[in-house]
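Engineer: the amino acid sequence is not available; the structure is as follows:
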């Protein structure tokens, strides 16, 4: 004991502190098992170095034993459910793959009678399949019928611009857009009932003025566009300005002067209109009225008149010939002569109705084609009322006192179409 005490006293200063730390560490390990704590210092030193290894080995042995016991327990249930026939050959673990169709589903596509399945299930599945097939067949048939009808209608529409493909002036690339724009803007140049605003002018006076302007137009050998624009200018001016009776003719010749300047290459001079009116007005009056008309109409002269649509619709009336063209123009001019026609119907409808009435008069078959319906945008039923009105004007033209249009189209130059009998199918009883 003295020797050990001397050894302890001979140790360096830091050794005692390190020894105390080691002892504390050992004491902390021993605290895990209170029963192993020994009060004797000698017993603490010797067994302390040997305690760690036996504990670790026994703990490892316990873990191994528990693992073996768990493996044994896991194997027991499996051994209980294995079939005796399959004991020699263990059943493989199935892989996670896509589920194969059940035998009941396979029955629908198999012709083998040996396949098993419920008879009721097969009947139900087959019934559902047949319903789906029937519905699909109906939808397919309807789709084919609709496509066939559309193709049939497209085949019935004739390409009327095919012959003008090389004509740059025909502007085939833009012609459809142009007429779509004309139909959208035709109401801007259309007049409504304005006779209530005129204290001295009535519909009869308007008709007399236009009948005289038709003769002036024919005398000067002007373009058809000029006549239609003249009538439009007269109506639009009368709708915004009250005119005295003695100035109505002045309005007419001034309107034709403006239209001639707009449409003609060589327009008649002011003196020509003064002369044709039997010097009823002076040149200065014509110029003043011309200025007044332009100011009231705000210089808006580019309007879609019925003639703009007539050119296109006559072309769509395939086959078209000179007789057909003259008959259409005859009926259209008869309609413009009457005030109520201009008030109740837009320019495009007047033009389309003139074509329909002309085809009825000339006994064309069919009376209205898919090509005309495509280009005019009107069906035969929509044009029926206006066409009957035009035919009634044709019927009464021979007995009317105002025969300028009738005489014009009874000439050889216009194919004497006014002498033809009116359409019986559109005659009003």
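Structural biologist: Sure thing, it's come through. Keep in mind that this is a model prediction, so the values were computed, not measured.

Engineer: where does the prediction get shaky in the stretch 301-429 of the chain?
Structural biologist: 428-429 (pLDDT under 70).

Engineer: try it again at 90.
Structural biologist: 318-321, 365, 423-429 (pLDDT under 90).

Engineer: give me the number of residues near residue 176?
Structural biologist: 12 (other CB atoms under 10 Å). All C-beta atoms are positioned from the backbone trio N, CA, C, and that covers glycine.

Engineer: next SSE downstream of the helix or strand harbouring it?
Structural biologist: Using DSSP states H and E, residue 176 sits in helix 175-185. In the C-terminal direction, the helix or strand that comes right after helix 175-185 (DSSP H and E) is helix 203-219.

Engineer: let me see the mean pLDDT of the helix or strand just after that following helix.
Structural biologist: Sequence order places helix 224-238 as the next helix or strand after helix 203-219, per DSSP H and E. The average pLDDT within helix 224-238 is 96.

Engineer: residues making contact with helix 224-238?
Structural biologist: Applying CB atoms under 8 Å, 6 or more residues apart in numbering, the contact partners of helix 224-238 are 189, 191, 194, 197-198, 201, 206, 209-210, 213-214, 217, 243, 251-252, 255-256, 258-260, 262-264, 293, 296-297, 301, 303, 305-307, 329, 333, 336, 342.

Engineer: again with stretch 243-255
Structural biologist: 198, 200-201, 205, 209-210, 212-213, 216, 230, 233-234, 237-238, 273-274, 276-277, 280-281, 285-286, 289-290, 293.

Engineer: wait, doesn't residue 372 sit right on residue 355?
Structural biologist: Yes. Contact status for residue 372 versus residue 355: in contact at 6.8 Å, counting by CB atoms under 8 Å.

Engineer: who's more crowded, the two?
Structural biologist: Set residue 372 next to residue 355 and count neighbours by other CB under 10 Å: residue 355 wins out with 31 against 26.

Engineer: list the contacts of the nearest residue to the more buried one once chain neighbours are set aside.
Structural biologist: On the basis of CB to CB, 6 or more residues apart in numbering, the spatially nearest residue to residue 355 that is not a chain neighbour turns out to be residue 313, at 4.8 Å. Shown in contact with residue 313 (CB under 8 Å, 6+ apart): 328, 351, 352, 355, 372, 375, 376.

Engineer: who's in contact with residue 262?
Structural biologist: Per CB under 8 Å, 6+ apart, neighbours of residue 262: 226, 229, 301.

Engineer: the second one: neighbour count?
Structural biologist: By the measure other CB under 10 Å, the count of residues near residue 229 is 25.

Engineer: oh, and call the first residue 28 from now on, that's how I've got it
Structural biologist: Got it, first residue is 28 now, which makes that one residue 256.

Engineer: against residue 289, how distant is it?
Structural biologist: According to CB to CB, to the nearest Å, residue 256 and residue 289 sit 6 Å apart.

Engineer: next: residue 254.
Structural biologist: Taking CB to CB, one finds residue 254 at 12 Å from residue 289.

Engineer: endpoints of stretch 324-344, how far apart?
Structural biologist: 34 Å (CA to CA, to the nearest Å).

Engineer: SS state for residue 299?
Structural biologist: Secondary structure assignment for residue 299 (DSSP: H, G, I helix; E, B strand; the rest coil): helix.

Engineer: quick check: it touching residue 249?
Structural biologist: No. Taking contacts as CB under 8 Å, residue 299 lies outside contact range of residue 249: 11.2 Å.

Engineer: and those two? which has more neighbours close in?
Structural biologist: Counted by other CB under 10 Å, residue 299 and residue 249 do not tie: residue 249 has more neighbours, with 20 against 16.

Engineer: so who does that one touch?
Structural biologist: Here residue 249 is in contact with 287, 290, 291, 295 (CB under 8 Å, 6+ apart).

Engineer: now the two most distant members of these.
Structural biologist: Using CB to CB, the contacts of residue 249 span at most 11.7 Å, a distance reached by 290 and 295.

Engineer: on that earlier part again, kindly indicate which of the contacts of residue 249 lies nearest residue 184.
Structural biologist: Using CB to CB, the contacts of residue 249 come closest to residue 184 at residue 290, 31.4 Å.

Engineer: residue 354: neighbour count?
Structural biologist: For residue 354, the neighbour count with other CB under 10 Å is 27.

Engineer: what of residue 294?
Structural biologist: 18.

Engineer: setting aside sequence neighbours, what's the nearest residue to it?
Structural biologist: Spatial nearest neighbour of residue 294, chain neighbours left out: residue 287 (3.8 Å); criterion: CB to CB, 6+ apart.

Engineer: how about residue 443?
Structural biologist: Residue 443 sits nearest to residue 437 (CB to CB, 6+ apart), 5.4 Å away.

Engineer: check which helix or strand residue 354 maps to.
Structural biologist: With DSSP H and E as criterion, residue 354 is part of helix 349-364.

Engineer: okay, buried residues for that helix please.
Structural biologist: Buried residues in helix 349-364, counted by 16 or more other CB atoms under 10 Å: 351-364.

Engineer: just checking, what packs against it?
Structural biologist: With contacts taken as 3 or more CB pairs under 8 Å, 6 or more residues apart in numbering; DSSP states H and E, helix 349-364 sits against helix 230-246, helix 251-265, helix 333-343, helix 366-371, helix 374-388, helix 407-424, helix 431-435.

Engineer: most tightly packed of those helices?
Structural biologist: Per residue and on average, the most neighbours among the helices and strands packed on helix 349-364 fall to helix 374-388, with a mean of 27 (mean count of other CB atoms under 10 Å).

Engineer: report the angle between that helix and helix 349-364.
Structural biologist: Counting by axes from the mean of the first three to the mean of the last three CA atoms, to 10 degrees, helix 374-388 lies at 130 degrees to helix 349-364.

Engineer: need the next SSE after helix 374-388, C-terminal direction.
Structural biologist: Taking DSSP H and E, what comes next after helix 374-388 is helix 397-403.
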